[in-house]
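J.: The sequence isn't on hand, but the structure is:
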């Protein structure tokens, strides 16, 4: 593949990419980093506002040879590909053990109004979620469950935090995500679009199993998931149509955020896709 083009971490392009690890620079440039073969592959196939999402790719010689198909897809998408020495990738990467590929991507969040206009049937709303790993994992769960969108409220973590991007394992590029939406506006817009809004809370008065058995889960649904430490405040729970708990049949004190989100989203997905399976309308 030849001698690496970027032989020094002091290259201006390397410095520009490295700065994207910081939120203020991401916001200023409207760019973020996607690391590893899965995320870069998805970024190369994605478009944002009609433009390719992936704008640059840094790759070690070894990674460029191993993932030749990804490098080719990046070039086809119009991204500028830089063959780089390992120390360059280590300098740009935010992981302890980089996989040799780091992409620079355009911001890809969607306006909340567009999400509502699409009449979504399953939405995850993250309210005051502060841990980027949890945010990315919930995004991945929502993607896997076939959700139509994810909404991050104005008090939640940055969608483009490197830990959130890694935790989503490419799901950032699969479904619309709105950011910075006040929870009150999110709930109001969803309800006006005919979506039933459920707040997930361990102390909820409604039991998820009972909701499924009653056939109440088959319609358009949005789940609000709260902060990892203190859950949802009373004023947020009051906005929802119902506050629902995941039943604990064993001795565990509670479920963590991502696990509870997966259970809730898959319960809705099953109810929506298989009415008989969840006794909808019974």
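T.: Here it is on my side, so go on. Predicted model, so just to flag it, every value in this text is computed and none were measured.
J.: Output the contacting helices and strands for the longest helix seen in the chain.
T.: Of all the segments assigned as helix in the chain under DSSP state H, the longest by residue count is helix 257-273. Judged by 3 or more CB pairs under 8 Å, 6 or more residues apart in numbering; DSSP states H and E, the packing partners of helix 257-273 are strand 122-126, helix 132-144, strand 196-200, helix 208-213, strand 221-225. In short, each C-beta sits where N, CA and C put it, glycine included.
J.: Please identify the buried residues of the third one?
T.: It refers to strand 196-200. Of all the residues in strand 196-200, those buried under the rule 16 or more other CB atoms under 10 Å are 196, 197, 198, 199, 200.
J.: for it, packing partners?
T.: Short answer (3+ CB pairs under 8 Å, 6+ apart): strand 196-200 packs on helix 183-192, strand 221-225, strand 242-245, helix 257-273.
J.: Excluding its own residues, what touches the last one? List them.
T.: Going back to what we said before, that points to helix 257-273. 121-122, 124, 129, 131, 134, 137-138, 141-142, 144-147, 198, 200, 202, 208, 211-212, 215, 217-219, 221, 223, 225-226, 228, 244, 246, 255, 277-278, 280 (CB atoms under 8 Å, 6 or more residues apart in numbering).
J.: And the residues you listed, which of them are buried?
T.: 121-122, 124, 129, 131, 134, 137-138, 141-142, 145, 147, 198, 200, 208, 211-212, 217-218, 221, 223, 225-226, 228, 244, 246, 255, 278, 280.
J.: Run through the protein and note the low-pLDDT ranges.
T.: Along the chain, segments meeting pLDDT under 70 span 1-8, 275-282.
J.: Just give me the neighbour total for residue 118.
T.: 13 (other CB atoms under 10 Å).
J.: Would you confirm that it contacts residue 175?
T.: No - counting by CB atoms under 8 Å, residue 118 does not reach residue 175; the two are 10.8 Å apart.
J.: Give me the common contacts of those two.
T.: 148, 149.
J.: about what we covered before: mind checking the helices and strands packed on helix 257-273 for the one nearest to residue 153?
T.: Residue 153 lies closest to strand 122-126 among the helices and strands packed on helix 257-273, at 6.6 Å (CB to CB).
J.: hang on, the earlier thing: now the angle between strand 122-126 and the longest helix of the chain, please.
T.: 160 degrees (axes from the mean of the first three to the mean of the last three CA atoms, to 10 degrees).
J.: For helix 257-273, which residues meet the burial criterion?
T.: Buried residues in helix 257-273 (16+ other CB under 10 Å): 257-258, 260-265, 267-272.
J.: cool, and stretch 57-73?
T.: For stretch 57-73, the neighbour count (16+ other CB under 10 Å) marks 57, 58, 59, 60, 61, 63, 64, 66, 67, 70, 71, 73 as buried.
J.: Adding distance to residue 17, write the buried residues of helix 257-273 out as TSV.
T.: Listed next are those as TSV, based on distance: CB to CB, whole Å:
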residue	distance to residue 17
257	31
258	29
260	36
261	31
262	33
263	38
264	37
265	34
267	41
268	39
269	37
270	42
271	44
272	41
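J.: nearest to residue 35, of these?
T.: Out of the buried residues of helix 257-273, the member with the shortest distance to residue 35 (by CB to CB) is residue 258, at 20.2 Å.
J.: residue boundaries of the strands in the protein?
T.: Residue ranges of the strands in the chain, as given by DSSP state E, are 31-35, 47-48, 51-52, 54-60, 80-84, 101-106, 122-126, 149-153, 177-181, 196-200, 206-207, 221-225, 242-245.
J.: Noted, bye for now.
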